[in-house]
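1. Structure for the following, please:
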Amino acid sequence: MEISAGNFFYRVERSVKNDNVEALVVVLNMMAEEIQESMVHQGYVQAHGTIKHIVQMSFILDAKGDIEATNQATCSILSTLYSEIIGKPFAVFLDESSKVKWKNTWKILKQKDIYETSVELAFKTKGNLVVPSACYITTFKGEHFEQKKTLVTVVHHSNDRDRLEKDLKRSVIKSKTKKKGEKKHSKKPKIRLNHEDIRKLSKGRDIIINNLEKDFPSLKDFALQIGTNEFKLKYGFKELYGTSVYRFLKNERLRKSKMLVQHTDLHIKTIAHMTGFKSLPHFSRSFKKRYGYTPSALRKKPL
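-> Okay, the predicted model is just below:
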């Protein structure tokens, strides 16, 4: 039930028995680990190796508990734009039970000048998936600011991550290797993407898909958010997905709007706003150009 509810970090407790139930437990735990790996775009190999402590998310909070800064991985894990995280109360990104736990922790933090603790909190992604996490909390003060700050570090404990990194790198190198005798069709030099570039671009793609209703930042700002530069974002995105960033965004907006038109009773104007179109006329023109029908006409057609 925990896994089916979206808690892919949950693991069923093992027993010493060797029966069908125990075999099912093993399968469930393996499945949860595979889904977890796909969800956060990081590989965790289940092997008997050295435990590694990998920082997934970091937050700096002000005296009120609002987020002042965070790292790039946070945007990917929560599927949220950087601008939608900064300035928001930290509790906004927690599930209901963790909000209560955080409220109690925050009371203690406010009473002490210097304090360190750890607590298990569950974060909510934009798609309402739950990400249980081990959080390490510490307060600090610096020379250039009077108010106390709070650092929340989310850590995941993993086995033998290096092996997966090597496998990813090999697969990327293999995909870039050209067959002997292959003719060149363009004199333009192709951008060389390593496995880290591909991972960052994949994170960017997921952020776009989960924020279609938002105003998209400039390519320069978006590249900075996912940890790359504008050149690699533009040309790397086209190399991986066969289209530009802005065209991909428009295609996804139209794809989602078509699904909402056909399978919901939402008002056409509401769908336009939900998918990032500024006006109903612009939405109708773009929709008709893509699908040959206006949204209203397509809704009247039988499925």
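2. quick one: secondary structure of the closest residue to residue 147 other than its chain neighbours?
-> Take residue 147 and drop its neighbours on the chain: the residue closest to it by Cβ to Cβ, 6 or more residues apart in numbering is residue 63, 4.3 Å away. Every residue, glycine included, has its C-beta placed from N, CA and C. Of the three states, residue 63 takes coil under DSSP: H, G, I helix; E, B strand; the rest coil.
3. Quick check on residue 63: phi, psi?
-> Backbone geometry at residue 63, expressed as degrees, to the nearest 10, gives phi -70, psi -20.
4. same deal with residue 233?
-> phi -60, psi -50.
5. repeat for residue 276
-> The phi/psi pair for residue 276 (degrees, to the nearest 10) is phi 90, psi 10.
6. wait, it sits on residue 212?
-> Yes: Residue 276 is within contact range of residue 212, at 5.0 Å (criterion: Cβ atoms under 8 Å).
7. what bits of the protein have low per-residue confidence?
-> 2-3, 5-11, 14-16, 33-55, 142-146, 156-191, 302-303 (pLDDT under 70).
8. Tell me where it has strands.
-> Applying DSSP state E to the chain gives strands spanning 51-61, 67-70, 116-124, 130-140, 149-159.
9. nearest to residue 239, of the ones you listed?
-> strand 51-61 (27.4 Å; Cβ to Cβ).
10. hmm, back to that, identify the contacts common to residue 276 and residue 212.
-> 249, 253 (Cβ atoms under 8 Å, 6 or more residues apart in numbering).
11. just to revisit the earlier point, and the residue nearest to residue 147, what does it touch?
-> Here residue 63 is in contact with 147, 148, 149 (criterion: Cβ under 8 Å, 6+ apart).
12. any idea which of those residues is closest to residue 94?
-> residue 149 (19.2 Å).
13. doesn't residue 139 make contact with the closest one?
-> Yes: when contacts are counted by Cβ under 8 Å, residue 149 is listed as touching residue 139 (7.0 Å).
14. still on that earlier bit, could you measure from the residue nearest to residue 147 over to residue 117?
-> Distance, residue 63 to residue 117, by Cβ to Cβ, to the nearest Å: 18 Å.
15. same question, residue 236
-> Residue 236 is 41 Å from residue 117, by Cβ to Cβ.
16. out of those two, which sits in the busier spot?
-> More crowded of residue 236 and residue 117, by other Cβ atoms under 10 Å: residue 236, with 22 against 13.
17. so what's the more buried one up against?
-> 191, 193, 197, 198, 201, 228.
18. Skipping its backbone neighbours, what lies nearest the residue nearest the centre of the chain in space?
-> With distances taken as Cα atoms, centre = their mean, residue 76 lies nearest the centre of the chain, 2.7 Å away. Nearest residue to residue 76 in three dimensions, chain neighbours excluded: residue 203, at 3.9 Å (Cβ to Cβ, 6+ apart).
19. quick one, what contacts the one you found?
-> Per Cβ under 8 Å, 6+ apart, neighbours of residue 203: 41, 72, 75, 76, 226.
20. Check residue 116 too.
-> Taking Cβ under 8 Å, 6+ apart as the test, what residue 116 contacts is 136, 137, 138, 139.
21. Selecting buried members of those residues in PyMOL, what would you type?
-> In PyMOL, a selection of the buried entries from these looks like this (16 or more other Cβ atoms under 10 Å):
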select buried, resi 136+137+139
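22. Turn the contacts of residue 116 into CSV, including distance to residue 251.
-> Output for the contacts of residue 116, formatted as CSV (distance: Cβ to Cβ, whole Å):
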residue, distance to residue 251
136, 41
137, 42
138, 44
139, 46
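23. so how far is stretch 285-298 off the chain centroid?
-> Centre-to-centre, stretch 285-298 and its host chain are 31 Å apart (Cα atoms, centre = their mean, to the nearest Å).
24. contact partners of it?
-> 250, 254, 257-258, 261-262, 268, 271-272, 277, 283-284, 301.
25. Repeat the analysis, applying 7 Å as the threshold.
-> 254, 257, 258, 261, 262, 268, 271, 284 (Cβ atoms under 7 Å, 6 or more residues apart in numbering).
26. tell me which residues in that stretch are buried?
-> 286, 287, 293, 294, 295, 298.
27. end to end, how far does that stretch reach?
-> 13 Å (Cα to Cα, to the nearest Å).
28. again with stretch 57-73
-> 6 Å.
29. list the buried ones in it?
-> Under the neighbour-count criterion of 16+ other Cβ under 10 Å, stretch 57-73 has 57, 58, 59, 61, 62, 67, 70, 71, 72, 73 buried.
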